[in-house]
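Colleague: structure for this input, please:
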Amino acid sequence: MTWVGDRIGHLLHKVAPTAGASVHAVTIARPRADVEQFWLDPANLSAALDGIAHVESTAPDRLTWSFVENTAAAAQWVSRTVRAPGEIRFVGGRDPAGRSQIRLTFADAPGDLGTEVTIRVTSPLPEQLTGHAAFTALYRARAILQTGEAPTLTHNPSGREQED
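Modeller: Now for the predicted structure:
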């Protein structure tokens with residue numbers, strides 16, 4: 001690589017690291033089995049990622065994630081689902097090393113308060129993008145599991161406009 005290429009690569013890494021590694025955690029006031037099952041249903045994943053991605057099952061352990069864009073052609077990510085005790089991983093189907101993955105871990109919350117869920121996203125996208133999506137998914141999943149609906153400004157009399 002040329003000197004100019006090295007400098008540009010260095011500057012880009014300072015502004016937005018090449019690989020995003022994002023970690024977020026939340027306590028959900030529901031039994032662990034219910035919370036784990038929620039994350040295995042593509043319809044629930046789509047609800048938690050509303051406005052970010054639509055998820056559909058393409059085989060028993062395969063999911064296709066179609067990311068919402070303002071263009072006709074949405075970016076897609078194909079993953080395989082890997083289950084282990086207390087853990088669900090969605091690993092990039094074309095990435096045998098598992099560098100692109102969403103890893104969810106589940107633990108009983110102290111004091112019988114439900115389930116602690118930790119999401120770790122590893123992606124070639126910058127953390128600023130993966131972190132926002134991971135936090136949003138956890139926040140909405142908690143709301144859906146605890147109240148039956150995701151937070152929204154639709155039909156809110158506050159006068160705030162809804163984002164498109």
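Colleague: distance of the spatially most central residue of the chain relative to residue 101?
Modeller: Compute the mean C-alpha point of the chain, and by C-alpha atoms, centre = their mean the closest residue is residue 134, 4.1 Å away. Residue 134 sits 12 Å away from residue 101, taking C-beta to C-beta, to the nearest Å as the criterion. All C-beta atoms are positioned from the backbone trio N, CA, C, and that covers glycine.
Colleague: now the common contact residues for those two.
Modeller: Here residue 134 and residue 101 share the contacting residues residue 121, scored by C-beta atoms under 8 Å, 6 or more residues apart in numbering.
Colleague: related to what we said a few turns ago, may I see the buried residues of the helix or strand harbouring the residue nearest to the centre of the chain?
Modeller: Taking DSSP states H and E as the criterion, the element that holds residue 134 is helix 127-147. For helix 127-147, the buried set under the neighbour-count rule, 16 or more other C-beta atoms under 10 Å, comprises 127, 130-131, 133-134, 136-138, 140-145.
Colleague: what residues does residue 40 make contact with?
Modeller: 81, 88.
Colleague: tell me how far it lies from residue 61.
Modeller: To residue 61, residue 40 is 10 Å away according to C-beta to C-beta.
Colleague: mutual contacts of these two, please.
Modeller: Jointly contacting residue 40 and residue 61 under the rule C-beta under 8 Å, 6+ apart are residue 81.
Colleague: what comes up buried for the one helix or strand residue 27 maps to?
Modeller: Secondary structure from DSSP H and E places residue 27 in strand 20-28. Neighbour-count burial for strand 20-28, with 16+ other C-beta under 10 Å as criterion, is recorded at 20, 22, 24, 26, 28.
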